[in-house]
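Colleague: this one's structure only:
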Ligand code: 1DF
Ligand code: MN
């Protein structure tokens, strides 16, 4: 242990954690019912069949901590020196559900619950909205309510909705609402859809270890390559887990994207106003959730710019206070470190 972890800015910055999960009992009950009835997709069965029922120490800790947006969480934050947390309904949100009325009810109730918790601890908790992408028009209205009535700071979409992606025309009301309301769109992973998952469950690789990043980076690439950010130049897309690997690949993504357009290989890939690295530096914001890994964070700062990389812990899925110490000790310049831990989150979420 190198130093004590305290809240209050003793190191010259506050620590704001930006991808922190909670659940409602209503949400977990609905998902587990689908799992039990054999109606959930394979990724959900793998994820919530495990987290919802396993008696292991890890899953018991996570279930209890997801449902608490109060004393337990504040104590954990105090002990890890986390000043503020930006909270979102845990993956897959409402997106494994099939009944739009149920999905909307669960999202709305989760938003009301979160607003109450944020008002109870206004200097510690900040909200991102839950929506029900299965009903895009309703979701757009809920985003307006989230911004204007609930005081939320963004929206979390847990990647695909039954194998459908936000670049599809049906979801345009959601993208437009984010752009109009100036709400960042955080695309968080869930298990890959049945159309993609193949034997990932058999291989033990569908979850946070690997499948999450494969599927979520695919989602982001679908948005980046289809002109979404030409249509909505002020839209800000947030991606966790080291931007789901994309910055490391950026040269190749850019090169092959341009090569594909030049040769007209795919009807879907049309010339864009900018290359992919421009969008990565103007429309994408990364967090290091689950990845307290110096080389990756330094690479993201170099590739995306120091204003676009934010700290996240991924509580309660990865509650390791020592990781906070490693991030304090990260060898980057102090100005960049304050941006990473504090001011980028304040800026992009308007805290
Ligand atoms: C896990 C990780 C599960 C993350 C999550 O939601 C989640 C996990 C169900 O470890 O299985 O949000 N995560 O963001 O890394
Ligand atoms: Mn997460």
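Modeller: Okay, I see it. The shown structure was predicted, so the numbers you read here are calculated from the model rather than taken from an experiment. Ligands and ions are numbered 1, 2, ... in the order given.

Colleague: now the helices: where do they sit in the stretch 101-250 of the chain?
Modeller: In order along the chain, the stretch 101-250 of the chain carries the following helices (DSSP state H, counting those that start in this stretch): 136-148, 172-181, 194-197, 211-224, 228-231, 240-243, 246-262.

Colleague: deepest of the ones you listed, which one?
Modeller: Of all the helices of the stretch 101-250 of the chain, helix 240-243 has the most neighbours on average by mean count of other C-beta atoms under 10 Å, namely a mean of 26. All C-beta atoms are positioned from the backbone trio N, CA, C, and that covers glycine.

Colleague: From the contact counts, what lies against it?
Modeller: Packing partners of helix 240-243 (3 or more C-beta pairs under 8 Å, 6 or more residues apart in numbering; DSSP states H and E): helix 211-224, strand 284-287, helix 294-304.

Colleague: Quick one: closest of those to ligand 1.
Modeller: helix 211-224 (6.5 Å; C-beta to the nearest ligand atom).

Colleague: got the residues of the protein near ligand 1?
Modeller: Contact residues, the chain versus ligand 1 (C-beta under 6 Å from any ligand atom): 21, 47, 90, 91, 207, 208, 289, 290, 314, 317.

Colleague: Need the max-distance pair from the residues you listed.
Modeller: 47 and 289 (16.4 Å; C-beta to C-beta).

Colleague: Can I get the helices and strands packed on helix 240-243 in TSV including mean pLDDT?
Modeller: Formatted as TSV, the helices and strands packed on helix 240-243 follow (pLDDT from 0 to 100):
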stretch	mean pLDDT
helix 211-224	98
strand 284-287	99
helix 294-304	98
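
Colleague: could I get these as a markdown table with distance to residue 196?
Modeller: Below are those laid out as a markdown table (distance: least, C-beta to C-beta, whole Å):
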| stretch | distance to residue 196 |
| --- | --- |
| helix 211-224 | 6 |
| strand 284-287 | 22 |
| helix 294-304 | 24 |
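
Colleague: As TSV, the ones you listed with distance to ligand 2 would be great.
Modeller: As requested, these are exported to TSV (distance: least, C-beta to the ion, whole Å):
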stretch	distance to ligand 2
helix 211-224	9
strand 284-287	9
helix 294-304	16
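
Colleague: Strands of this structure, residue ranges please.
Modeller: Here the chain has its strands, by DSSP state E, at 16-22, 84-89, 125-127, 155-157, 185-187, 237-239, 284-287, 309-310.

Colleague: now those strands as a markdown table including mean neighbour count?
Modeller: What follows is the strands of the chain, written out as a markdown table (neighbours: other C-beta atoms under 10 Å):
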| stretch | mean neighbour count |
| --- | --- |
| strand 16-22 | 26 |
| strand 84-89 | 26 |
| strand 125-127 | 26 |
| strand 155-157 | 26 |
| strand 185-187 | 25 |
| strand 237-239 | 26 |
| strand 284-287 | 26 |
| strand 309-310 | 28 |
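
Colleague: Output the ones you listed in CSV; the columns should cover distance to residue 4.
Modeller: Listed next are the strands of the chain as CSV, based on distance: least, C-beta to C-beta, whole Å:
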stretch, distance to residue 4
strand 16-22, 18
strand 84-89, 19
strand 125-127, 23
strand 155-157, 32
strand 185-187, 31
strand 237-239, 30
strand 284-287, 25
strand 309-310, 24
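
Colleague: Pull the number of nearby residues for the residue in the stretch 251-351 of the chain positioned nearest to ligand 1.
Modeller: When scored by C-beta to the nearest ligand atom, the stretch 251-351 of the chain has residue 317 as its residue closest to ligand 1, at 4.0 Å. Residue 317 is flanked by 20 other residues according to other C-beta atoms under 10 Å.

Colleague: residues contacting it?
Modeller: Applying C-beta atoms under 8 Å, 6 or more residues apart in numbering, we find residue 317 in contact with 21, 62, 208, 290.
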